[in-house]
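Visitor: got a sequence here, can you build the structure:
(2 chains)
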Amino acid sequence: MLLQVRGLKKHFPVGGGLLRRHRAAIKAVDGVDLTLERGETLGLVGESGCGKTTIGRAILRLVDPSAGTATFHTALEEGEARRPHAVFDLKKGDLRRLRRQMQIVFQDPYGSLNPRMTVGALLKEPLTVHGLSTRGEAGDRVTELLETVGLNPAHARRYPHEFSGGQRQRIGIARALAVRPEMIIADEPVSALDVSIQAQIINLLKVLQDRFRLSYLFISHDLRVVRHISDRVAVMYLGKIVETATRDQLYAKPLHPYTRALLSAVPLPDPTLGRDRIILKGDVPNPANLPPGCPFHPRCPLAEARCKTEVPVLEDKGSGHKAACHLV
Amino acid sequence: MTNTILRVNDLKTWFDTDSGVVRAVDGVSFEVEAGRTLGIVGESGCGKSMTAYSILGLVPQPPGRIAGGEVYFEDTDLLKLTPRQMRGIRGNDIAMIFQEPMTSLNPVFTVGEQIAEAVRLHQGADRKDAWWRAVELLDLVDIPQPEERAASYPHELSGGMRQRAMIAMAISCDPKLLIADEPTTALDVTIQAQILDVLRRLQEELGMGLMLITHDLGIVAEMAHEVLVMYAGQVVERADVKTLFGSPRHPYTRGLLASVPTMSSGTEELSTIEGTVPDPVGFPAGCRFAPRCDFAVAACGRPQALEDADGRHLVRCGEWQRVVQAETAQG
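Guide: Just a heads-up that it's a prediction; the model follows:
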């Protein structure tokens, strides 16, 4: 086990102001459990606003969680034994040492690279911050990193704007790899890329995973991409995980009506397929004003009376395949 | 008997930039028929959106210019119209919807007012009739409680609702041709399914031609009757949808199809197209895909014509037979 998250909640206050107490909260993440093994990829799928990005940021402590625990099993110092660390309780110094083990790759390679720094400087920065190499060694490490992600070492002298979107994403990945982390949180890493470039980056991520035994928390709205990279998949809806299973279980036999609708909504590049598409009615409800009972019931084609009052829990429906639904 | 409503012939839209001439659209030809959907697919920068802007006279000039070609809408060459005449066609006979509805809606007017305004301008209806027509249109695109929604401002609507409102506005004048440029790219997949469903239904009901521009081969497969694949400003392949997906000929089309992660195949390594799209200022003189193509030979250094090998399957590749054979033999 590398990472274990229990009961994670992140509520953002809305309304109110300087003098008034806040009236409501957006429950962006509302009681999420997840685990990640070493060398494994967990795909976290859901539509905009479901809380998937907030989970990633909370684990990295880029936002402060409202409740819950996250335990990361690693060694903070070279030569130290691997032991569990409570991510949300770590103080500054230890948190920085832990962050060396958990890196992030963002969706937008344009926004996440400082335009005034050369690629070489961008890759050296994390090494300096974590005291990982002397000035002399850093140059070699930059060359090695650029080659690892399929770029030319001569690119170290160039600036981010000189690269295409796919190349920039490779730089983002090299930067995450620089400190030799155990886990990378990849937040929509290929969503901004054209399909032929998308495939290059997905393949690269898989090669790097095998080579460095990386664990990925792969956050995406794209079920096709998630299927290609994940060992296990968790589907989110309105701040909760509604279904989780191995990749093969989930795609072969989705249980939750939301997952089924999501899968059936993906357009497939085969005009001869006649598909029975489940078209959901309506929009995702406002997360500041969640419906009672199952949060999916207003759009659910199967909803019954009790779905409107009883909140379903995420429970094992057989062989470790979990779903939060009264009816499956 | 087919009923061609739009015929684009050898359209060239070029941009004069400091570093040289960018041939964004470079000799594109196609037709759109009434009641049919033409899918135009390609990656960023291939010229698919600029083709649409050229048809509607929306290319910023300068730096852009129409360097050649004809765009016949029924019997009128749109490229010869004055801006004033063009305004009479745009929004009336030809309507367009864009990727980001928020930027096309005015934030200070309600959705109903904006649709009603379009109805008044184009159809000369009075205020009250126009308002009720707007409500009716919102109902037609499956917006629940259309009367209430008509009184909403754009920011009060979700992305999917805004796109529906845009569609309602676009169809308010019964256009013969609807151009949809990445209409669902900004939307979630369940909402995308709803919007595509609305478009498909409206097309059937209204019998309009639909020109659907997208980067998503899945959407093309589900929506289009005919498909145009664009690469670096040119059409590289054109066929009916089943032929194109069933027996693609151009190495680029084949590469594109193979790189899409699917829901059924294995999850081994995805096939990719190596390299990147060439710099638009210095397109190769010959085949523009040759630098990335596994099948390139010396002859690819000469410009390739878009050839009609049999019937209505066009391909811009002199080597396509070898490409198809090689891959069939491979398995």
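Visitor: can you pull the contacts of the closest residue to residue B:146 other than its chain neighbours?
Guide: Leaving aside its sequence neighbours, residue B:146 sits nearest to residue B:138 (CB to CB, 6 or more residues apart in numbering or on different chains; 3.8 Å). (C-beta placed from N, C-alpha, C; glycine too.) Shown in contact with residue B:138 (CB atoms under 8 Å, 6 or more residues apart in numbering or on different chains): B:111-112, B:115, B:146, B:149-150, B:164-165, B:168.
Visitor: same check on residue B:324?
Guide: Residue B:324 touches B:247, B:249, counting by CB under 8 Å, 6+ apart.
Visitor: who does residue A:215 form a beta bridge with?
Guide: residue A:183 (DSSP bridges).
Visitor: number of nearby residues for it?
Guide: 22 (other CB atoms under 10 Å in any protein chain shown).
Visitor: packing partners for the one helix or strand residue A:203 maps to?
Guide: Taking DSSP states H and E as the definition, residue A:203 sits inside helix A:195-212. Judged by 3 or more CB pairs under 8 Å, 6 or more residues apart in numbering or on different chains; DSSP states H and E, helix A:195-212 is in contact with helix A:165-177, helix A:223-229, helix B:251-259.
Visitor: now the helix or strand following the shortest one: buried residues?
Guide: Proceeding C-terminally, helix A:223-229 gives way to strand A:232-237 as the next helix or strand, assigned by DSSP H and E. Under the neighbour-count criterion of 16 or more other CB atoms under 10 Å in any protein chain shown, strand A:232-237 has A:232-237 buried.
Visitor: just stretch A:173-181 next, same as before
Guide: Per 16+ other CB under 10 Å, stretch A:173-181 contains these buried residues: A:173-179, A:181.
Visitor: out of those, which is nearest to chain B?
Guide: residue A:173 (15.6 Å; CB to the nearest CB).
Visitor: between the helices and strands packed on helix A:195-212, which one is nearest to residue B:231?
Guide: helix B:251-259 (5.1 Å; CB to CB).
Visitor: so which elements touch the next helix or strand after that closest one?
Guide: Downstream of helix B:251-259, the first helix or strand assigned by DSSP H and E is strand B:307-310. When contacts are defined as 3+ CB pairs under 8 Å, 6+ apart, strand B:307-310 packs onto strand B:313-315.
Visitor: partners of the strand it packs on in the sheet?
Guide: strand B:234-240 (antiparallel), strand B:307-310 (antiparallel).
Visitor: how far does that strand sit from its chain's centre?
Guide: Between the centre of strand B:313-315 and the centre of its chain there are 19 Å (CA atoms, centre = their mean, to the nearest Å).
Visitor: quick one: the next helix or strand after that strand to strand B:234-240, angle?
Guide: Toward the C-terminal end, the helix or strand that comes next after strand B:313-315 (DSSP H and E) is helix B:320-330. Relative orientation of helix B:320-330 versus strand B:234-240 (axes from the mean of the first three to the mean of the last three CA atoms, to 10 degrees): 60 degrees.
Visitor: quick one, helix B:320-330 and helix B:251-259 angle?
Guide: Using the same axes, to 10 degrees: helix B:320-330 against helix B:251-259 is 30 degrees.
Visitor: quick check: buried residues in helix B:320-330?
Guide: Of all the residues in helix B:320-330, those buried under the rule 16+ other CB under 10 Å are B:320, B:323-324.
Visitor: what's the mean pLDDT across that helix?
Guide: Helix B:320-330 carries an average pLDDT of 80.
Visitor: check stretch A:186-204 too.
Guide: Rounded mean pLDDT across stretch A:186-204 is 90.
Visitor: next, the contact list for the residue nearest to residue A:295 when sequence neighbours are not counted, please.
Guide: Distances taken as CB to CB, 6+ apart place residue A:238 nearest to residue A:295, at 4.3 Å, with adjacent residues excluded. Listed by CB under 8 Å, 6+ apart, the contact partners of residue A:238 are A:27, A:30, A:49-51, A:284-285, A:287, A:290, A:295-296.
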